[in-house]
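Undergrad: sequence and computational prediction follow.
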Amino acid sequence: MTVVTKAGLIEQARKHAGAIDSLMGWYGVASRAVWRGLHQVRQDFPSSDQIGNVLVFNVKGKKYRLIVRVDYPNQELYIKALLTHGEYDKRGWMKWA
């Protein structure tokens, strides 16, 4: 999968101290993956969920949620947000789903 963009991922990490190592680990796995559906995503990230065209990943021991728009046919992932659980629960991220 092409992660669009790594800089966007790092920018999101800067908002939440301590998340960078976990996000770089996620990036390493995601950028090498070939996913055609959620069943394949869950082979690498078992707790991931898909809501519409958005994948939701738990990051840093479920401290954060990484919101990523997915385009399976073109093998692209678009970084949208890194949220705390409180931010996630407000559901503003649903605009990308």
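TA: Cool, got the structure.
Undergrad: show me the strands in the protein, by range?
TA: 2-4, 49-51, 54-59, 64-71, 76-84 (DSSP state E).
Undergrad: turn the ones you listed into a markdown table, including mean pLDDT.
TA: Listed next are the strands of the chain as a markdown table, based on pLDDT from 0 to 100:
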| stretch | mean pLDDT |
| --- | --- |
| strand 2-4 | 91 |
| strand 49-51 | 97 |
| strand 54-59 | 96 |
| strand 64-71 | 95 |
| strand 76-84 | 93 |
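Undergrad: excluding covalently adjacent residues, which one is nearest to Thr2?
TA: Nearest residue to Thr2, sequence neighbours excluded (Cβ to Cβ, 6 or more residues apart in numbering): Glu76, at 5.0 Å. For every residue, glycine as well, the C-beta is placed using N, CA and C.
Undergrad: just to check, that neighbour is in contact with Val4?
TA: Yes. Assessed by Cβ atoms under 8 Å, Glu76 is found in contact with Val4 at 5.8 Å.
Undergrad: re earlier: redo the strands of the chain as CSV? Include mean neighbour count and distance to Ala13.
TA: CSV is the format used below for these (neighbours: other Cβ atoms under 10 Å; distance: least, Cβ to Cβ, whole Å):
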stretch, mean neighbour count, distance to Ala13
strand 2-4, 15, 13
strand 49-51, 14, 21
strand 54-59, 20, 9
strand 64-71, 21, 9
strand 76-84, 19, 7
